[in-house]
Structure formats: C-alpha cells, structure tokens
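Visitor: got a sequence here, can you model it:
(2 chains)
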Amino acid sequence: MTTTRSAARATPTAQAGGFFARLSSTQIVYLVALLVMIAGSILVATTGRNFFSPGNISAILTGTSVLGFIAIGQTLVILVGSLDLSVSYVTSLASLIGAGVMANRSENVLSAVALALGISAVIGLANGLIVAGLKVHGFIATLGMGLIISGYLATNYKGSFGQTPFSFRLIGATGLGPVPISTLIMLGCATLVILMLHRTRIGHHIYAVGGDRDVARMSGVRVPGAVITAHVICSVLAGMAGLLLASRLGVGSPTVGSQGGYDLLSIAAVVLGGTLLAGGKGSVVGTLGGVLIFAMLDNIMSVLQINPFLKDVVRGVVIVVAVAVYARRTVITRPPRFGHGGHQQELQP
Amino acid sequence: MSTILDPAAGREVLQHNRAGRGERFLRGLRTPGGGVFILLLALLVAIIVINPSFGEPESLIRFIGRTAPIAIAAIGQYFVIVSGEFDLSMGSVVAMQVIVAGNLIGDDDSKVIPVLALMFVLGAVIGLINGLITTLLKVPSFIVTLGMMLALLGLVLFWTGGAAQGNPADSFRQIGRGGIEDVPVLGIIPYPVIILTAVAVLAFWLMRRPYGRTLMAVGDNDVAAALTGARVWWVRTRAFMLSSLAATVAGILLVGYAGVHPSVGRGYEFTAITAVVLGGVVLGGGRGWVLSAAAGAFALEALFTLLNFMGVASTWRPTVQGVIIIVAVAAAAQSWQRKRRGGSAAAQSEQQRITAAPEPTEGTDKGGN
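Guide: Residues are numbered from 1 along each chain as shown, chains lettered A, B, ... in the order given. Sure thing, here's the model as predicted:
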C-alpha cells in the first residue's frame, strides 16, 4: 500500500501549518504575479527601459483585456464542471459580424454589437443544451461546436471583412491615464460575474453543480439551468472579446481567435488562477491574476526581444510549473480523513 | 485472502452463465464501441455506391495505408483516455519526430537505424515527463500536455525557423511510402498497413494482459485501484509513454507521406481524441475497446473520403466532423444511460435468466489456502 496517495497523506502535517500553506490559492497566484513583476522589472531595467512607465503599464493592461474577457467566461464554464473549446471561433465570428454589420457607419454600432452578442449567446445556448440535455462531455460538445463554426468561417470568409467606424475604434484605443477603456470594461464584466457567483442563486448553483452534479441534482438544484447559464455567459464574453479585437484591428478577421490560441490559453489562465479543472472550486479573482501573469510574461519577452517561437516554450513551462506549485500543495494540506493517517495504517497488510 | 472458488470450477460457472456466441456478438454491436464498426461499414458502402472503383482491393488497401498514421495515434491516445487523462502533446510530438528525422538522417542511409532508436527514446522520455508530472506533481494532464504541446512546438519552430527543412534518406521514407509489391489480388501491401496491424495486435494483447486490466481499473476508479494495490502513478505514466511512442510511429509514417515540415501533425491530438471518442471510448476513463478507437479513426477518414467524392468543399470538412462527433457521443451517452438503468427488454430478460451459482464448499470462510 505504498502508493503516492498514502505517501502524500503521511507527510507530517506540521509542515502544513507553515506560512505558505496558510495562503489561499488566489493569494499564491498574486504572489507569483508579484514575483513575475519583480523579475520583469529587473530584466527590463537591464535593457535600459522602465517596466513601470505609463506606456508599458498601458501595454500590459491592454494585453490582459482580450484574454481576460474569455478567461472570465471560461472560469464559469470550468466551475460548473464543463469546458469551452469553441471560444476562439466565437471570438472570430463575433469580430466578423460586428465589423460586417457596422460597415464603417457609426449609427450601426448598437445593432452590430447586439447582433454579434446575440449570435454568441445562441452558440452558448447550443453548447449548454448539448452538454446538459444530451449529456455530452463539455470537451467534445464544444470541440464539435468549434469545428462547426470553423468550417463556416473557412467557407464564407477568405480574409478580413467589414470595417468598424472611428467612434467604435476609440474603445480599443483610448484610456483613462494608463488604464485602457477595454480593460475597464473587462474589469466591469468581472465584477458583475463575481457578484453573480457570490450573491445570486444561480451563482451558488454553479458551484454546487461543479462540485458534484448528482448531489446537486438530488438537493433540488436544476442542473441544466446552471450549465446553460455558464455556457451562455462564456460565449457572450467571447463575443465581446471578438468585438474588442474588431475595434482594435478596424476589421473583422476569420482567424483572429484561433491564431491567438485563446481556447487553450484561457483554460491555462483559469487553472493558473487556482480553479480546479474538475470544477466546483475557484474564483474569478484568481483567473484575473492568471491573465495578468500571462500579459506580463508576454510584455517582458517582447521588450527583451525574445524569439517569438521561444515565447511559446516559456509559456508552456510557466503554465506547468506554476500549476505544479499549488497542485501539490492542495494534496499535502488536505486534512487526513480519519485522524493522523490511522486508517491508512489499518489497511496495511 | 484466497478465492472461494478454485479456478477451474469458476471458469465452468462463468462459461455456463454466458450467453451464446451470437447473442454476445449482437449485444456487443449495440454498445457504442460496436456501433462504430457498423458506422464504418455504412460509410464504406456509401463510398462504394458513389464511386465503385473504391471497392477494388487495391484502393481499399491504399485507403487503409493512408489512415494508418491517424489510427496508430488513436490507439496511443486510447491508452491515456481510458486511464482517465488527456494527451494534447501528440501533434507536437509528431512534428518534432518529423523534424528530427529530416535533420538528423539526411542522405546517409547508415544513420537510419540509430536515428530511429533516438526517436523512440525521445518519444518515451516525453511520455515519461508527461506522466510523472501528471501523477507525482498532481498537475491535471490537460495542463501538463498543453504545456508540453506549446513548449515542444515552440522548440521545433525555433529550431527550423518555421520552414520546411531537411530531407531524410529515401530508405527511411520508404517506411511510410513503400510496400511489399507483386502480392496477388491486392497488388501491393503498404508497410503502414503491416505496421498498423502489428500495433493493433500488440495493443489488443496488452489490454488483455494484467497491465491492460489494471489500466482500465485505474481509469474507472483510481482510488479503488490504489486500495487494491495497483501502482496508479506508474500505470498511468506508462500509458503516457505508450501515447508518445504511438505518436512517434505516426510521425515516422508521415515523413513518407507528407514530407518534412513543422506543420505536419498540427491538430493531430484533437483528431486522435475525436477518433477515440467516436469509437465509443468514454472521456474520463474506464470504458471502451482499443480496436474501436482504431475503427473510429477509420470511420473519420472514410467520412472525409465520402465528402470528397460527393464534391463537398473541403472547407466544410470541420463542420461535418463537428456535427458527427456531437451526434455520435450524444447517441453513445444515451445508450450507456439506458444500459445503466436496465430498462431495455434485453436487460430484463438477462436478469430473469436462470444462472448457475458456485456451491460454497466447507471451510472456505476461514481464509488462507
């Protein structure tokens, strides 16, 4: 019976009382973010530039906004015990619809935004219905939905399409001091989602369903409602990311989402933020920390002029190492279920 | 603890309780893992109806050869999925092996064997790293293999500068391209078909070995498997190694087909997972048959061939693929559910069938032999 499981439980619990172990996973995320910030400021200083100059802070915050929108939605979907791999295609589709309907006329902005977000919501609804109604694993349902949309995009759009008017482009270009408007909108959405998770019934249902679907159902929670809500909000936020990209680029593009790799990166940011991939535990605040870490890494590597291909290597290593730090920690600090491992010893032959 | 039965008597009772061969076969076809063979057959018939020349043995065997790499990748992915994990690094492993072969072999025939050995070692090491980080550091395999996918592909692109590079010796490319010629009826037996057959037989054998049984148990319930004494971490780590090795074999075959370019193998992980799921293997582990996973790959490729012959624009391929996997998995989910509730008539009659039970013998409650 010397499995890793019992070995992990048998580690002295005295260690668990240390400073590191008392931190919540969200606090650790921000601690890691702080470390990245310190390391970044030193590295950037060696090139003779200032990491904390308003221009650079604005660049980092701009980098958080698109991934931020998608990762907030992804947090909801992962919390409810599903996954969304279709977000990057929804982002592309929304950018095309938005730019296409606007066609460089300011009076079309409202209808374009409504249509783009409406279609995103319908896609989210379809995802939710497939996951909750047909009992298809979220991975497969949204992978399939992503493929469906990508086929539509590849068939109907050969290149960039439509044009956004100047008034709409301002959203992506202006800011309050060093803080871009797009980041403020993203933080506003995050606040709304946090309020929903902690203050409303559906928010608690999302946690309950993610923790244990069967127990939630037997406790009277309407499981499909929670799953569908999470998927719809996730797709709408992905649509907002698409509109933001359209406002920044001035056009809609069929590859803008998949090129960014937002589907897998958003999942990585969510897990980096301390949310359990299996669902039921985690927070939007942690996810924002994960997004911030990614944005700072990207910024530091751009300033240091690291080969773009090597950036992916660094990203990959950081994702695994950062998650390993607290994935191990949760195993060690889990309280032994029957006293100090006494039950484990009884089982020993 | 000793078993109550002596093995011979147990086997006899089991034999007695089993349904007839035909009935078992039909019941197997009704499961998602059996259904994929019917789907494959239907697709092949549809292709032959549209294009009768596809039914000739020669083009059929070429179809099998063309599908071999993805079928082998699906078999590798099966081991990981059935143990309850994911392997997203597969496509990057394929790209890496293709580039390694292209750059290290060059025109030198004598380097083929050592580089092949190096490629298998590399594949095994990548699988080992994936597995150890997943099992010992408790990082979700989705994240581990995602990180491995980004890191490996980044290294490959950095190494090559993103362009096609190197051209391995012709003898190496023959593994994916050539075959045994002048065979009666078939004309040619491509090497990929032989390799696929060998891999499938090995995988089938492995799943009937104690390792395969343990792997299945670990995927179904790892806590229970750990409590019965299975070394869960090592069982799962070996599954990751098998997956990376399968990706290596797929990469070797693809060098012959597609040439040396870092984009070879892009999206392979998702195609392989799609094939495995299409074969009725349940994500989350513990259920599914390894040959159904390979059949899932064939069904997917047959579907693309069918769309091709029907003149559907190739840009619609992903859409059809997406619809098919959602429908297939939804159908499978419904059928597993029915089974669990025991609502079907077949299940009812099965419950009411008179079954032989072993006679308890005296003195067996003491334990010990």
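
Visitor: list the contacts of the residue nearest the centre of chain A.
Guide: In chain A, the C-alpha nearest the mean C-alpha coordinate belongs to A:Ala71, at 1.8 Å (CA atoms, centre = their mean). Residues in contact with A:Ala71, defined by CB atoms under 8 Å, 6 or more residues apart in numbering or on different chains, are A:266, A:269-270, A:273, A:287-288, A:290-291. From N, CA and C alone the C-beta is placed, and that goes for glycine too.

Visitor: please apply the same query to A:Cys234.
Guide: Contacts of A:Cys234 by CB under 8 Å, 6+ apart are A:73-74, A:76-77, A:84, A:87, A:124.

Visitor: between those, which has the most around it?
Guide: Counting neighbours by other CB atoms under 10 Å in any protein chain shown, A:Val87 comes out on top of these with 36 neighbours.

Visitor: from the contacts of A:Cys234, which land in helices?
Guide: Among these, DSSP state H puts A:73-74, A:76-77, A:87, A:124 in helices.

Visitor: can I get these in JSON lines including pLDDT?
Guide: Output for the ones in helices among the contacts of A:Cys234, formatted as JSON lines (pLDDT from 0 to 100):
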{"residue": "A:Gly73", "pLDDT": "95"}
{"residue": "A:Gln74", "pLDDT": "95"}
{"residue": "A:Leu76", "pLDDT": "95"}
{"residue": "A:Val77", "pLDDT": "96"}
{"residue": "A:Val87", "pLDDT": "95"}
{"residue": "A:Gly124", "pLDDT": "96"}
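
Visitor: ok, and which of those residues reach chain B?
Guide: Near chain B, judged by CB under 8 Å from any CB of the partner chain, there are no entries from those.

Visitor: just the closest of the residues you listed to A:Val101, please.
Guide: A:Gly124 (19.5 Å; CB to CB).

Visitor: pretty sure the closest one sits against A:Val236.
Guide: Yes: counting by CB atoms under 8 Å, A:Val236 is a contact partner of A:Gly124 at 6.4 Å.

Visitor: strands of chain B, start to end?
Guide: For chain B, the strands defined by DSSP state E occupy B:179-183, B:187-190.

Visitor: next, format the ones you listed as CSV and append mean neighbour count.
Guide: As requested, those are exported to CSV (neighbours: other CB atoms under 10 Å in any protein chain shown):
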stretch, mean neighbour count
strand B:179-183, 12
strand B:187-190, 18
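
Visitor: in contact with the residue nearest to the spatial centre of chain B, which residues?
Guide: The residue lying closest to the centre of chain B (CA atoms, centre = their mean) is B:Ile75, at 1.7 Å. Counting by CB under 8 Å, 6+ apart, B:Ile75 touches B:199-200, B:203, B:246, B:290, B:293-294.

Visitor: give me the low-pLDDT residue ranges for chain A?
Guide: A:1-22, A:328-349 (pLDDT under 70).

Visitor: again with the stretch 251-369 of chain B
Guide: Where the stretch 251-369 of chain B drops to pLDDT under 70, the residues are B:335-369.
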